[in-house]
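Undergrad: Provided below are the primary sequence and the corresponding predicted coordinates.
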Amino acid sequence: MTTDSAGDSGDSRPNSGADSRPIVYDLAPNCTREDIEHDANYHAVVNGVVEYGIFIDIADDISGLVHDSNLDRSYEVGDRLTVTLESVRDNGDLAFDVFNESSYQTVVVEHDPELTAIEELEPGIDAYVAGKVTKIKQTGGPTIFRVADETGIVATAAFQEAGVRAFPTVELDDIVRVGGAVEPHNGSLQIEVESLTQLDGADAEETRARLDTAFTRRAAPPDISPLIEWDALEPLIDDLRDVAQLLRRTVLEGRPIRIRHHADGDGMCASVPVQLALERYIRDVYDDDDAARHLVKRLPSKAPFYEMEDVTRDLNFALEGRSRHGQRLPFLLMLDNGSTEEDVPAYENLAHYDVPTAVIDHHHPDPSAVDPLLDAHVNPYLHDEDYRITTGMLCVELARMIDPSVTDEIQHVPAVAGLADRSKADAMASYIELATTVGYDHDRLLELGEALDYAAHWLRYSDGQSIVNDVLNVGCSDESRHAELVDFLSSRAERDVERQLNATVPHLTHDRLESGAHLYQIDLDEWAHRFTYPAPGKTTGKLHDRQVKEHGEPVITIGYGPDFAVLRSDGVRLDIPRMVTELNEEVIGGGVSGGGHLVVGSIKFVEGMREAVLDSLVTKMGDAELDATLSSHAVADGASQIDN
Ligand code: MN
């Protein structure tokens with residue numbers, strides 16, 4: 001109850017404790033009988049005139065009669081007056097008298113119902129909840145407002161007219177109090193809205209602050225220790241914990257999450273466990289199976305950076321989601337992708353909208369370029385480590401921090417990720433040992449990686465959730481199907497690689513550079529099977545590996561097409577990003593772009609200048625020093641951006 005207005009009977013003195021004038025209560029429309037008392041005075045409106053008196057409303061649901069004997073004048077519907085509650089009859093009817101004093105003070109009464117925590121809701125009860133609006137969806141029937149309090153999230157259905165937006169002034173992020181009957185709906189609970197009040201001022205601020213504290217506390221990830229002991233991983237654990245907290249908080253606040261990941265083995269080993277953990281956590285918070293499906297989307301990116309095409313599609317999808325489903329714009333999680341300067345234009349595009357972004361990657365980062373555009377950036381290079389710590393290894397720990405229940409299902413994943421990215425980390429032995437304890441030996445892990453890569457190739461821009469989960473055996477319900485799929489896909493992959501090598505090896509040209517390095521080149525457009533598996537990036541890698549195995553280092557391999565070249569090297573101190581910059585300046589009209597890692601990458605150019613570009617490229621490679629420690633094996637995933 002708040003005393004916030006002075007007497008409105010001509011006396012404009014500020015209200016104070018010393019005011020001795022009688023009080024007339026002004027009830028908020030949603031007040032109930034709990035808010036009224038005998039002998040108290042109320043502001044009223046006439047809602048009906050009958051022979052024996054007038055019916056009046058003092059709130060939406062509180063009406064009563066003023067008997068004719070108490071009236072000294074006539075009234076019409078809509079007239080205002082002040083009344084005194086005289087009696088509550090046995091049958092519940094209210095009887096009022098007219099309150100005739102001309103000097104009084106008005107006290108506004110807000111209905112202050114007892115609130116129920118969302119997690120305490122039960123079907124069949126009437127309840128009030130207060131929280132933040134996280135989603136507003138107009139259905140063909142009611143308007144669904146999703147409301148989050150400090151304990152959970154619940155859907156509330158307000159019906160105005162079929163397909164018509166109820167409470168049109170309520171917006172996303174508003175603080176509201178909703179009252180109504182709690183009913184089961186599609187396997188979870190829903191409140192059938194009888195009253196909805198937008199809180200403002202101090203009430204809203206207080207609720208907002210309360211929610212904020214509670215979200216932060218609930219979002220704190222559980223304390224888990226990493227799957228293996230590994231000193232190099234330790235400094236990254238706190239960074240991952242911060243991202244886990246961000247993601248959990250994002251779930252609590254009802255914001256959708258979009259995962260973009262590099263479409264290779266490591267990228268999938270990173271994203272699949274995180275997706276599964278988020279789905280579990282969402283199910284827990286929402287108590288609703290559908291919510292996870294709507295709130296988490298995972299999409300592969302063909303390039304090892306965030307392409308303008310991808311970001312534009314993502315933005316478009318997000319904006320449609322906002323207008324069609326009343327959903328907030330998503331939180332973007334970039335995995336095995338997103339750390340480099342090449343990602344900057346995409347992030348700048350996103351910066352026009354409210355899309356928080358976190359990156360977990362192990363490609364060589366450009367923190368000064370990307371960090372100002374990111375909310376979080378986890379990368380082993382930021383802790384003087386390198387790509388040996390693959391994104392899959394990091395994200396398995398992240399997934400466990402989001403929802404520890406996934407732990408048993410992902411023990412083999414870091415080993416698959418490490419083998420797929422050819423990590424030379426000492427910890428690989430521990431990861432492979434761990435995978436062995438759940439039934440995967442070294443060869444099987446390799447097959448699993450090949451099968452994943454093969455599936456990723458054919459899935460192209462689709463997430464292929466069920467297939468990928470079955471291949472990786474994460475969130476897969478049928479072990480024998482998993483085994484058969486891996487057998488099938490990995491043997492197809494092996495067969496296709498064999499076929500590609502048979503076609504291409506005879507066409508490799510060989511030169512000896514001045515530095516002594518072997519240079520192998522092949523025109524893939526002419527001699528390779530195109531638009532099938534393996535794509536030019538992987539084909540070049542396989543050819544390169546074969547030559548290294550047969551002839552030893554130092555070796556450089558260039559697989560080129562009409563307007564691109566894939567570069568792989570071992571034992572040569574290349575700096576591909578720098579070569580690209582120089583070529584772009586030196587070959588006028590060559591239109592050279594690209595990059596990747598230092599010793600493995602790809603470049604693009606205009607078709608008519610291919611010869612000039614490749615000649616300059618080879619000259620630069622001949623100038624590069626030899627260095628036996630530099631191997632493209634460990635960073636093979638950078639080469640796959642030429643995908644057809
Ligand atoms: Mn990777």
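TA: Thanks, I have the structure now.

Undergrad: what sits against the residue most central in space within the chain?
TA: Nearest residue to the geometric centre of the chain (Cα atoms, centre = their mean): residue 257, 1.4 Å. Taking Cβ atoms under 8 Å, 6 or more residues apart in numbering, we find residue 257 in contact with 247, 250, 251, 278, 295, 296, 297, 330, 331, 332, 333. C-betas here are computed from N, CA, C, even on glycine.

Undergrad: among these, which are in strands?
TA: 296, 297, 331, 332, 333 (DSSP state E).

Undergrad: would you mind putting those residues into JSON lines with neighbour count alongside?
TA: Converted to JSON lines, the ones in strands among the contacts of residue 257 look like this (neighbours: other Cβ atoms under 10 Å):
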{"residue": "296", "neighbour count": "23"}
{"residue": "297", "neighbour count": "19"}
{"residue": "331", "neighbour count": "23"}
{"residue": "332", "neighbour count": "25"}
{"residue": "333", "neighbour count": "30"}
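
Undergrad: buried sites along stretch 379-393?
TA: Of all the residues in stretch 379-393, those buried under the rule 16 or more other Cβ atoms under 10 Å are 379, 380, 381, 385, 386, 387, 388, 389, 390, 391, 392, 393.

Undergrad: likewise stretch 275-295?
TA: Neighbour-count burial for stretch 275-295, counted by 16+ other Cβ under 10 Å, picks out 275-282, 285-288, 291-292, 294-295.

Undergrad: what's the first-to-last distance across that stretch?
TA: By Cα to Cα, to the nearest Å, the extent of stretch 275-295 from end to end equals 10 Å.

Undergrad: and that stretch, average pLDDT?
TA: The pLDDT scores in stretch 275-295 average 87.

Undergrad: taking the stretch 101-250 of the chain, what residue is nearest to the ion?
TA: For the stretch 101-250 of the chain, the nearest residue to the ion under the criterion Cβ to the ion is residue 236, separated by 14.5 Å.

Undergrad: same deal with the chain?
TA: The shortest separation between the chain and the ion is 3.3 Å, found at residue 266 (distances taken as Cβ to the ion).

Undergrad: which residues are in contact with the closest residue to residue 82 other than its chain neighbours?
TA: Computed as Cβ to Cβ, 6 or more residues apart in numbering, the closest residue to residue 82 that is not its neighbour in sequence is residue 99, at 4.2 Å. For residue 99, the contacting residues are 22, 24, 41, 81, 82, 83, 84, taking Cβ under 8 Å, 6+ apart as the criterion.

Undergrad: what's the longest strand in this structure?
TA: Criterion DSSP E: the longest strand present in the chain is strand 126-138.

Undergrad: show me what the helix or strand following that one is packed up against.
TA: On the C-terminal side of strand 126-138, the nearest following helix or strand under DSSP states H and E is strand 143-148. Using 3 or more Cβ pairs under 8 Å, 6 or more residues apart in numbering; DSSP states H and E, the elements in contact with strand 143-148 are strand 126-138, strand 153-158, strand 175-185.

Undergrad: want to throw those strands into a markdown table with distance to residue 497 and mean pLDDT?
TA: What follows is the helices and strands packed on strand 143-148, written out as a markdown table (distance: least, Cβ to Cβ, whole Å; pLDDT from 0 to 100):
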| stretch | distance to residue 497 | mean pLDDT |
| --- | --- | --- |
| strand 126-138 | 47 | 92 |
| strand 153-158 | 48 | 94 |
| strand 175-185 | 52 | 94 |
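
Undergrad: got TSV for those, with distance to residue 212 and mean neighbour count too?
TA: Listed next are those as TSV, based on distance: least, Cβ to Cβ, whole Å; neighbours: other Cβ atoms under 10 Å:
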stretch	distance to residue 212	mean neighbour count
strand 126-138	10	21
strand 153-158	16	23
strand 175-185	11	19
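
Undergrad: and of these, who's closest to residue 461?
TA: Distances from residue 461 to each of the helices and strands packed on strand 143-148 were compared using Cβ to Cβ; the minimum, 26.9 Å, belongs to strand 126-138.

Undergrad: and that closest one, how far out from the chain middle?
TA: 21 Å (Cα atoms, centre = their mean, to the nearest Å).

Undergrad: again, but for stretch 30-48
TA: For stretch 30-48, the distance from its own C-alpha centre to the chain's C-alpha centre is 48 Å (Cα atoms, centre = their mean).

Undergrad: mean confidence for that stretch?
TA: The pLDDT scores in stretch 30-48 average 90.

Undergrad: mind checking the SS state of the nearest residue to residue 184 once chain neighbours are set aside?
TA: The shortest distance from residue 184 to any non-neighbouring residue, by Cβ to Cβ, 6+ apart, is to residue 123 (4.8 Å). Following DSSP: H, G, I helix; E, B strand; the rest coil, residue 123 is assigned to coil.

Undergrad: what's the longest strand of the chain packed up against?
TA: Contacting strand 126-138 under the criterion 3+ Cβ pairs under 8 Å, 6+ apart are the following elements: strand 143-148, strand 153-158, strand 175-185, strand 188-198, helix 201-219.

Undergrad: out of those, flag the one nearest residue 63.
TA: Distance to residue 63, taken as Cβ to Cβ, is lowest for strand 188-198 among the helices and strands packed on strand 126-138, at 16.4 Å.

Undergrad: what is residue 85 paired to in the beta sheet?
TA: Beta bridges link residue 85 to residue 96, judged by DSSP bridges.

Undergrad: list the contacts for it?
TA: Contact criterion Cβ under 8 Å, 6+ apart gives 36, 37, 38, 39, 40, 41, 42, 64, 94, 95, 96 as the residues in contact with residue 85.
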